[in-house]
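# following is a predicted model, sequence given first.
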Amino acid sequence: MSISDGYWVMLKPLSPGQHTIRFGGSFVRGPGTGFMVDTTYVVTVSQ
């Protein structure tokens, strides 16, 4: 048995330079109602 928690994403390889990755979501029903997340990553890829 195993368990995991968090946000996961798999992207194709990014070209060199700066990239902005933004994601979010919210619970609209159930025990987590009202929980929201809005996350922005700025990633710099070097050669």
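Nice, I can see it. Residues are numbered from 1 along each chain as shown.
# residue 17 contacts residue 46, doesn't it?
No - contact criterion Cβ atoms under 8 Å: residue 17 and residue 46 do not qualify, at 9.1 Å. All C-beta spots, glycine's among them, are computed from the backbone N, C-alpha and C.
# higher neighbour count, the two?
residue 17 (10 against 5; other Cβ atoms under 10 Å).
# and the gap between the more buried one and residue 34?
Per Cβ to Cβ, to the nearest Å, residue 17 is found 37 Å from residue 34.
# ok, residue 26 next?
When residue 26 is compared with residue 34 (using Cβ to Cβ), they lie 8 Å apart.
# again with residue 14
34 Å.
# burial measure for residue 43, as a count.
11.
# kindly apply the preceding question to residue 19 instead.
13.
# what lines up beside the helix or strand encompassing it in the sheet?
Here residue 19 sits within strand 17-26, counting by DSSP states H and E. Strand 17-26 has its sheet partners listed here by DSSP bridges as strand 36-45 (antiparallel).
# contacts for the strand it pairs with?
7, 14-27 (Cβ atoms under 8 Å, 6 or more residues apart in numbering).
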